[in-house]
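> next one to model:
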Amino acid sequence: MTIDEELSLLDSQLRRLKIEYEIYFNNPTKKPPTDIEWKVLSLLRKFSEGRLSFSQRYRYNEMAQRYAIYSDLWRKKSRIREEGYRRPQDALLSIQGLRPEEHAPEHKAYGIGKDSAAATETPEQPFSVQCSNAKAEPEQVEQLYKALTAAKTKAGEAVSGNLDSFTSFVQKKTDQIRKQYGCHSVEYTVEMQEGQVRLKAKAKV
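Model (predicted):
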């Protein structure tokens with residue numbers, strides 16, 4: 001099997017895993033699809049250090065980011081399912097997969113959501129980068145742009161603007177937050193919340 005064929009298999013298994021988890025969370029007697037998830041993780045690990053062409057690496061990164069977004073949501077939904085619904089609002093949150101949390105100052109970003117969701121580089125959470133000067137840090141901005149557009153594409157949301165316009169947006173937002181909070185940099189995170197892609201900007205000391 002060629003690398004492209006294996007990447008297609010990974011994409012197929014990831015789509016199947018998403019469907020199986022949706023069935024799992026809607027059926028209290030259903031067991032989590034650990035066998036399919038193991039296959040997905042095995043392929044992700046295989047390609048993480050393998051030699052890939054530019055297009056293959058881009059394709060792999062998109063699927064890895066998609067899995068990170070999905071797995072974060074699944075972990076939160078599983079936690080609520082395991083802990084039970086101690087409060088009335090938890091029954092609704094189990095569908096959304098999220099609990100209300102307190103965070104540092106947050107800002108709506110790039111017009112992609114009403115609220116922002118927390119995210120750091122820990123395994124519990126999805127894609128995140130820090131930026132202090134967008135024009136001087138093009139790699140971080142490009143990574144964030146790719147993660148955002150990939151997440152929005154997979155969620156069926158429209159992708160507006162190009163990398164240049166996004167860089168200008170990040171520069172303006174970073175300057176605004178640094179001036180407002182006197183911080184050194186700004187942390188930008190991409191997360192899937194309630195089936196929609198969210199982008200958060202948070203001041204970092």
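> put the alpha carbons of stretch 148-167 into PDB.
The C-alpha trace of stretch 148-167 is given here as PDB (Å, rounded to 0.1, in the frame of the first residue of the first chain):
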ATOM      1  CA  LEU A 148      -8.300  27.300  11.500                       C
ATOM      2  CA  THR A 149      -9.100  26.800   7.800                       C
ATOM      3  CA  ALA A 150      -8.800  23.000   8.100                       C
ATOM      4  CA  ALA A 151     -11.100  22.900  11.100                       C
ATOM      5  CA  LYS A 152     -13.600  25.200   9.400                       C
ATOM      6  CA  THR A 153     -13.500  23.200   6.200                       C
ATOM      7  CA  LYS A 154     -14.200  19.900   8.000                       C
ATOM      8  CA  ALA A 155     -17.000  21.500  10.000                       C
ATOM      9  CA  GLY A 156     -18.600  22.700   6.700                       C
ATOM     10  CA  GLU A 157     -18.100  26.400   7.500                       C
ATOM     11  CA  ALA A 158     -17.100  29.000   5.000                       C
ATOM     12  CA  VAL A 159     -13.500  30.100   4.900                       C
ATOM     13  CA  SER A 160     -13.100  33.800   4.200                       C
ATOM     14  CA  GLY A 161      -9.900  35.700   3.700                       C
ATOM     15  CA  ASN A 162      -6.400  34.600   2.800                       C
ATOM     16  CA  LEU A 163      -3.200  34.300   4.700                       C
ATOM     17  CA  ASP A 164      -2.200  37.900   4.200                       C
ATOM     18  CA  SER A 165      -5.500  39.200   5.500                       C
ATOM     19  CA  PHE A 166      -5.400  36.800   8.400                       C
ATOM     20  CA  THR A 167      -1.800  38.000   9.200                       C
END
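> and it, how far out from the chain middle?
13 Å (Cα atoms, centre = their mean, to the nearest Å).
> kindly report the same for stretch 18-37.
So, by Cα atoms, centre = their mean, the centroid of stretch 18-37 is 20 Å from its chain's centroid.
> got a list of contacts for that stretch?
13, 16-17, 70, 74, 77-78, 81, 94 (Cβ atoms under 8 Å, 6 or more residues apart in numbering). For the C-beta atoms, the positions are set from N, CA and C on the backbone; glycine is no exception.
> how is the protein partitioned into domains?
Taking automatic domain parsing as the criterion, the chain consists of the domains 3-96, 106-204.
> what residues of the helix or strand where Ser165 lies count as buried?
Using DSSP states H and E, Ser165 sits within helix 163-181. Across helix 163-181, burial judged by 16 or more other Cβ atoms under 10 Å covers 166-167, 169-171, 173-174, 177-178.
> hey, which helix is longest across the protein?
Selection of the longest helix in the chain by residue count, based on DSSP state H, yields helix 54-83.
> no more questions from me, cheers.
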